[in-house]
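**Q** Structure for the following, please:
(2 chains)
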2 protein chains.
Amino acid sequence: MKIYVIGIGLIGGSMALDLKDLDPSHEIIGVDTNDSHLDEALSLGIIDRKASLETLNEADRVILSIPVKDSLHLLPQLIDQLHEDALLWDVGSTKEQLCKVVENHPKRNQYLAAHPIAGTEFSGPKAAQKGLFSGKPQILCEAKSTRSDLLIWAKTAFRQMGMYLRFMDPKEHDRHMACVSHLSHISSFMLGKTVLEQEADEQNIFDLAGSGFESTVRLAKSSPDMWTPIFEQNKSNVIDILNDYIQNLENFKRKLQEDQFEDLHQQMKNTNQLTTILNGIKHNN
Amino acid sequence: MKIYVIGIGLIGGSMALDLKDLDPSHEIIGVDTNDSHLDEALSLGIIDRKASLETLNEADRVILSIPVKDSLHLLPQLIDQLHEDALLWDVGSTKEQLCKVVENHPKRNQYLAAHPIAGTEFSGPKAAQKGLFSGKPQILCEAKSTRSDLLIWAKTAFRQMGMYLRFMDPKEHDRHMACVSHLSHISSFMLGKTVLEQEADEQNIFDLAGSGFESTVRLAKSSPDMWTPIFEQNKSNVIDILNDYIQNLENFKRKLQEDQFEDLHQQMKNTNQLTTILNGIKHNN
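**A** Below is the predicted model of the structure:
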């Protein structure tokens, strides 16, 4: 199979490595606006050759892994170009608008809206790694709109990569992501900003970072190029959850001002239950 | 030497293990209000025997590692009990009030205000580990108020544990800690609270946690028993920095509402410099 990977970074690159591993006869073809990324991917053995979008009709499978805003513009015309047995899936972090933009596309059933919940704070081809998706969830949205033979192929491939599948409505997906993922990134970026503004001496940040800051601010190393469009696509959900978060912080501050330490203790104790949730839940594939 | 460890948890326990390792002739004696912790510490080989505060005058060295609020009440009378060549240091996360409460104590020079920047989100004797402090900073406050022979002994011991020393004014220490550490804990606790309130289905939290939530919320597993008194002791600094944080979040929300995505991109890009700070700074010992 000829597999095109449009956008050869952490996610696209890792998926290409896994697919090649599953079947070495696959030909992996890279497309990227950043030519040095393509050369890097070639030399790292992530892709077999470079190409441009003009030859997309030769592709049997297409992974679309570029910033969500660009996907939104490109997706309809990419699907236009697919031959009749080709499948394209994207791996973007927001799904509602993407599903909407192809809702009435005549070849809608050759598209699958996917979101693998895996990654690191690093980006680019160098960040790609085999086995990144093992044990991780793959969220599929509107899977029933994808042609069944193509869907079965994709589900099999994702499971062979070690992923377990979850099915979600795209609206629900975006709401959940705003809450669990996007808010985490904003809280981390703003934590980093606050500390940088207050600590003139960087040595203090370094010396004291081991006391909790380092892990909490990890996401503030993330790529603004990737995250700005995610916040834009998911603006309304993000604003909602950001309001809830700010209210909780305001409430914490008020309790502190009023010396209501038992209340604060109880809030923290209730939140401790996350330990159980994060350690304990089993999933069904 | 007879070394008393008052409060045998993560920090006190780890320090006891290191001291014993440095000199196996040390006798490590545990004191704790929680008797099951003492038994656990005994069976884990962290302490050689149990004791109570009544025999504290036999101690040559005392590590005070209990919640800061309790330290504040106990510290003066503990110092009262010390024999004339004994040294007591605490390892608490706030320092201003503690230094203040012993300011005019006749045996002030047998006390050293210390804060090792090391730890995990776990607590109790089981969490103690050898080598926890290796490569980590030890903050010393008002070190000049400690008798020089005792100070030299302590500095040598801390360096032998692999720590590097930083000297800070207690007021400054508390301000820096509010910014770099305490705010991180509040942001994490409130992130966890917000997500728990919004996500009725815990399976969603688990499935989506890999997308950034898991690391950002790590500190929300911390002990409320430890953290409530820290926030209480450092209330005014914590409120100040919490205000700055909330303002940054409000600003982020406003820019999002106004579609000022370039500004958001710039904010995130500026914050990315933390990567360099956290990786790159060298320290002098």
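**Q** which residues of chain A fall in strands?
**A** A:2-6, A:27-31, A:49-50, A:61-64, A:87-90, A:111-116, A:137-141, A:164-168 (DSSP state E).
**Q** Let me know which of those strands is the nearest to chain B.
**A** In terms of C-beta to the nearest C-beta, the element of the strands of chain A nearest to chain B is strand A:137-141, at 4.4 Å. Where C-beta positions appear, they are placed from N, C-alpha and C, glycine not excepted.
**Q** contact partners of the closest one?
**A** A:95, A:99, A:112-117, A:155, A:158, A:163-170, A:173, A:283, B:207-208, B:210 (C-beta atoms under 8 Å, 6 or more residues apart in numbering or on different chains).
**Q** what about residue A:85, distance to residue A:60?
**A** The spacing between residue A:85 and residue A:60, counted by C-beta to C-beta, to the nearest Å, is 7 Å.
**Q** For these two, work out which one has more neighbours and name it.
**A** residue A:60 (16 against 12; other C-beta atoms under 10 Å in any protein chain shown).
**Q** Quick check: that one touching residue A:88?
**A** No: judged on C-beta atoms under 8 Å, residue A:60 makes no contact with residue A:88 at a distance of 10.3 Å.
**Q** Mutual contacts of these two, please.
**A** Here residue A:60 and residue A:88 have no joint contacts, going by C-beta under 8 Å, 6+ apart.
**Q** okay, and for the stretch 151-285 of chain A, where does confidence drop off?
**A** Within the stretch 151-285 of chain A, the stretches with pLDDT under 70 are A:280-285.
**Q** which stretches of chain A form helices?
**A** A:10-22, A:35-43, A:68-81, A:96-101, A:148-160, A:170-177, A:183-198, A:202-208, A:213-216, A:224-233, A:235-257, A:261-271, A:274-280 (DSSP state H).
**Q** want to throw the ones you listed into JSON lines with mean neighbour count and distance to chain B?
**A** Below are those laid out as JSON lines (neighbours: other C-beta atoms under 10 Å in any protein chain shown; distance: least, C-beta to the nearest C-beta, whole Å):
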{"stretch": "helix A:10-22", "mean neighbour count": "23", "distance to chain B": "11"}
{"stretch": "helix A:35-43", "mean neighbour count": "16", "distance to chain B": "19"}
{"stretch": "helix A:68-81", "mean neighbour count": "17", "distance to chain B": "9"}
{"stretch": "helix A:96-101", "mean neighbour count": "18", "distance to chain B": "15"}
{"stretch": "helix A:148-160", "mean neighbour count": "16", "distance to chain B": "14"}
{"stretch": "helix A:170-177", "mean neighbour count": "22", "distance to chain B": "5"}
{"stretch": "helix A:183-198", "mean neighbour count": "25", "distance to chain B": "4"}
{"stretch": "helix A:202-208", "mean neighbour count": "21", "distance to chain B": "4"}
{"stretch": "helix A:213-216", "mean neighbour count": "23", "distance to chain B": "4"}
{"stretch": "helix A:224-233", "mean neighbour count": "21", "distance to chain B": "4"}
{"stretch": "helix A:235-257", "mean neighbour count": "18", "distance to chain B": "4"}
{"stretch": "helix A:261-271", "mean neighbour count": "18", "distance to chain B": "4"}
{"stretch": "helix A:274-280", "mean neighbour count": "15", "distance to chain B": "5"}
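**Q** can you list the domains in chain A?
**A** Chain A breaks down into these domains under automatic domain parsing: A:2-168, A:173-280.
**Q** residues touching residue A:237, list them.
**A** Per C-beta under 8 Å, 6+ apart, neighbours of residue A:237: A:174, A:175, A:177, A:178, A:179, A:182.
**Q** quick one, what contacts the nearest residue to residue A:129 once chain neighbours are set aside?
**A** Nearest non-adjacent residue to residue A:129, counting by C-beta to C-beta, 6 or more residues apart in numbering or on different chains: residue A:14, 5.6 Å away. Contacts for residue A:14 (C-beta under 8 Å, 6+ apart) come out as A:118, A:128, A:129, A:130, A:132, A:133.
**Q** How about residue A:215?
**A** Counted by C-beta under 8 Å, 6+ apart, residue A:215 has contacts B:215, B:216, B:218, B:219.
**Q** what do you get if the cut-off is 6 Å, keeping everything else the same?
**A** Contact analysis of residue A:215 by C-beta atoms under 6 Å, 6 or more residues apart in numbering or on different chains lists B:215, B:218.
**Q** Ok, residue A:101 next?
**A** residue A:72 are the contacts of residue A:101 under C-beta under 6 Å, 6+ apart.
**Q** That one and residue A:31, how far apart?
**A** Residue A:101 is 20 Å from residue A:31, by C-beta to C-beta.
**Q** what's around residue A:111, how many residues?
**A** Residues lying near residue A:111 (other C-beta under 10 Å) number 27.
**Q** now the end-to-end length of stretch A:19-28.
**A** Terminal residues of stretch A:19-28 are spaced 9 Å apart (C-alpha to C-alpha, to the nearest Å).
**Q** same deal with stretch A:218-237?
**A** End to end - C-alpha to C-alpha - stretch A:218-237 spans 23 Å.
**Q** And that stretch, how far out from the chain middle?
**A** 10 Å (C-alpha atoms, centre = their mean, to the nearest Å).
**Q** Over to stretch A:1-19?
**A** The mean C-alpha position of stretch A:1-19 is separated from the chain mean by 14 Å, C-alpha atoms, centre = their mean.
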